[in-house]
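Engineer: sequence isn't available, so here's the structure alone:
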């Protein structure tokens, strides 16, 4: 007797595009208005045989939220019928704020966190190299008359600023 294997026509249970959409439902635990896809930490979504593999890059190598994010990714995919997805941490290249979506940056601002601004390098003098801080707009009133209070904000990825116009303190998502 000859045995013939019949392919499972329902496999894989979802396209990678659909999985990307579902991952857009997973919020960052520290900033719940932004998804992990808007944050730019999802590096890849792929099927390796019958296993769904999600590759993520932490915003910082010691980011305490990564375990919670991996758990939420797993729960979300399991809710959509993908059992036991594999989460792979990729540290290189290191995450940077350029990976954030424009929609994510707008969500940060709407939430009261100034989104990252690109730093400018002043090379007008060979003897004097320095980074020039861009004007950080207050997410409350829009004024650029702001002042750095502390390089350390509510989390490692944020700095604390104060608006001189409306006098409100606010977090600034540091670029890196």
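Structural biologist: Received, thanks. Given the structure is predicted, the values throughout are model-derived calculations rather than measurements. Residues are numbered from 1 along each chain as shown.

Engineer: how distant is stretch 17-33 from the center of its chain?
Structural biologist: Averaged C-alpha coordinates place stretch 17-33 at 10 Å from its chain's average position (C-alpha atoms, centre = their mean, to the nearest Å).

Engineer: please renumber the chain so that the first residue is 633 from this point on.
Structural biologist: Will do, 633 is the new start, and the previous item becomes stretch 649-665.

Engineer: what average pLDDT does that stretch get?
Structural biologist: Averaged across stretch 649-665, the pLDDT comes to 95.

Engineer: start to end distance for that stretch?
Structural biologist: 22 Å (C-alpha to C-alpha, to the nearest Å).

Engineer: may I see the buried residues of it?
Structural biologist: For stretch 649-665, burial by neighbour count (16 or more other C-beta atoms under 10 Å) applies to 651, 654-656, 658-660, 662-663. Where C-beta positions appear, they are placed from N, C-alpha and C, glycine not excepted.

Engineer: just the strands in this structure please.
Structural biologist: For the chain, the strands defined by DSSP state E occupy 674-680, 683-688, 718-721, 745-746, 752-757, 760-764, 778-782, 790-795, 801-805.
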